[in-house]
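# With the input below, show me the fold.
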Amino acid sequence: MSHSVELAGIGMTFGTTRAVSDVSFRVEAGEFFSILGPSGCGKTTILRMIAGFIDPTEGRVLIGDRDMKGLGPNQRPTAMIFQSLALFPLMSVRDNIAFGLEARGVGRAERRAKADDLLRLIALEGYGDRMPGELSGGQRQRVAIARALAVEPGVLLLDEPLSALDLKLRQRMRAELRALQKRTGVTFIYITHDQSEALAMSDRVAVMSSGFLQQVACPRELYDNPATPFVARFVGETNALAGRITALEGGLAQIQTALGPLTGRAGQGAGVGQAGTIYIRPEALIPGHGTNALGADIERVDFEGAFALVHGRFADGAALAASVPSTRLADAPLPGQRAAFGFAPEHAVVLGDG
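Below is the predicted model:
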């Protein structure tokens, strides 16, 4: 049975270091929820507070609407998977999966049956007698998940479990993790610094920076409508042009930049007369587009398969990144050229800098 998780104004201080400040959000039962942010932003500290390894300095952690204050890790309906996986190298795969059940006094026959059920769930049926060292990285990852699921947690906590895998395997494991979560219905709370990982797998994502919660939203909302300058810059690639907001009308904001007036959707903190920045995704910049025209000197063009990423400099020295689909490579400017780009107002957002 999956459980909801609610953080109510939690904070954590280590000595004089403030690691987490007044964080509140709710994870619904059965949700795949990711906490995204750079190293040192407080995301692993939050996970450890949910698991019960540390107690928050202030605020409350509720699991299944029950306050977890005073309850240790073994008293909470959670299981945790660490980056290192920590499989026992001298135990068989089956015994690794059944380890938590043995610690709880479950009989041998029941442990074996449960482990074999989980081996089928993770598509490793017939691998029970192998040792962890005989498995690939992705297979070991699945065994670690099965071991955590064996004790039937209401919440599974995952601390950057894919970071040690190569890119291809990481991409495949994303899909497998998401499918496994859907099959089991267990609440997943997943820690990562990899934005593409969070966007690809999650129902919703919480973005953290320097101990503060920046935004909680579904992946598409996070990408299309960042609430803060940090989220706009951290989640996905973006072109950022600073200026002063001169007008607001019909949900759009005009901002005067060093490159002239530009118009985008009015985002959080956008007010007339305020300093602001317009954020434009690379795929929104179209060569030769007439609206919101921008000129740039092209420095290089990186072919990346499905698209080419055009790099250059705007007249004020700000960096340009424009994405051109492979089907339209004939439209891509060449290095050394002066090129014109434009974008539709609805495909950019203006945020106040305050």
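# make it CA atoms for all contacts and neighbour counts henceforth
Fine.
# can I have stretch 308-318 written out in PDB, keeping just the CAs?
Written as PDB, here are the backbone C-alpha positions of stretch 308-318 (Å, rounded to 0.1, in the frame of the first residue of the first chain):
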ATOM      1  CA  ALA A 308      21.900  20.800 -34.700                       C
ATOM      2  CA  LEU A 309      22.700  23.200 -31.900                       C
ATOM      3  CA  VAL A 310      23.800  26.600 -33.300                       C
ATOM      4  CA  HIS A 311      26.100  28.600 -31.000                       C
ATOM      5  CA  GLY A 312      26.900  32.200 -31.300                       C
ATOM      6  CA  ARG A 313      26.900  35.700 -29.800                       C
ATOM      7  CA  PHE A 314      24.300  38.400 -29.800                       C
ATOM      8  CA  ALA A 315      25.400  42.000 -30.400                       C
ATOM      9  CA  ASP A 316      25.700  42.700 -26.700                       C
ATOM     10  CA  GLY A 317      28.000  39.700 -26.200                       C
ATOM     11  CA  ALA A 318      25.300  37.400 -24.600                       C
END
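# Give the buried residues for that stretch.
308, 309, 310, 311, 312, 313, 314 (16 or more other Cα atoms under 10 Å).
# average pLDDT across the strand or helix carrying the third one?
In the assignment (DSSP states H and E), residue 310 maps to strand 307-314. pLDDT averaged over strand 307-314 equals 92, rounded to a whole number.
# Output the lowest mean pLDDT helix or strand found in this protein.
With mean pLDDT, DSSP states H and E as the measure, the helix or strand of the chain carrying the lowest mean pLDDT is helix 167-184 (a mean of 84).
# check which helix or strand covers residue 213.
strand 212-217.
# Dump that strand to PDB, restricted to CA.
Provided in PDB are the C-alpha atoms of strand 212-217 (Å, rounded to 0.1, in the frame of the first residue of the first chain):
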ATOM      1  CA  PHE A 212      15.200  26.700  -0.700                       C
ATOM      2  CA  LEU A 213      12.300  25.300  -2.600                       C
ATOM      3  CA  GLN A 214      12.000  27.100  -5.900                       C
ATOM      4  CA  GLN A 215       9.000  25.500  -7.600                       C
ATOM      5  CA  VAL A 216       6.900  22.300  -7.600                       C
ATOM      6  CA  ALA A 217       5.200  21.400 -10.900                       C
END
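# what packs against that strand?
If you count contacts as 3 or more Cα pairs under 8 Å, 6 or more residues apart in numbering; DSSP states H and E, strand 212-217 packs onto strand 17-27, strand 204-209, helix 229-234.
# what distance separates the helix or strand just after it from the middle of the whole chain?
Using DSSP H and E, the next helix or strand after strand 212-217 towards the C-terminus is helix 219-224. Taking Cα atoms, centre = their mean, to the nearest Å, one finds the center of helix 219-224 at 11 Å from the center of the full chain.
# List the buried residues for helix 219-224?
219, 222, 223, 224.
# pLDDT on it, on average?
Here helix 219-224 scores 95 as its mean pLDDT.
# Alpha carbons only: can I get that helix in PDB?
Extracted in PDB, the C-alpha atoms of helix 219-224 (Å, rounded to 0.1, in the frame of the first residue of the first chain):
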ATOM      1  CA  PRO A 219       7.700  18.500 -16.000                       C
ATOM      2  CA  ARG A 220       6.000  20.400 -18.800                       C
ATOM      3  CA  GLU A 221       4.900  23.200 -16.600                       C
ATOM      4  CA  LEU A 222       8.400  23.400 -15.100                       C
ATOM      5  CA  TYR A 223      10.000  23.700 -18.500                       C
ATOM      6  CA  ASP A 224       7.400  26.000 -20.200                       C
END
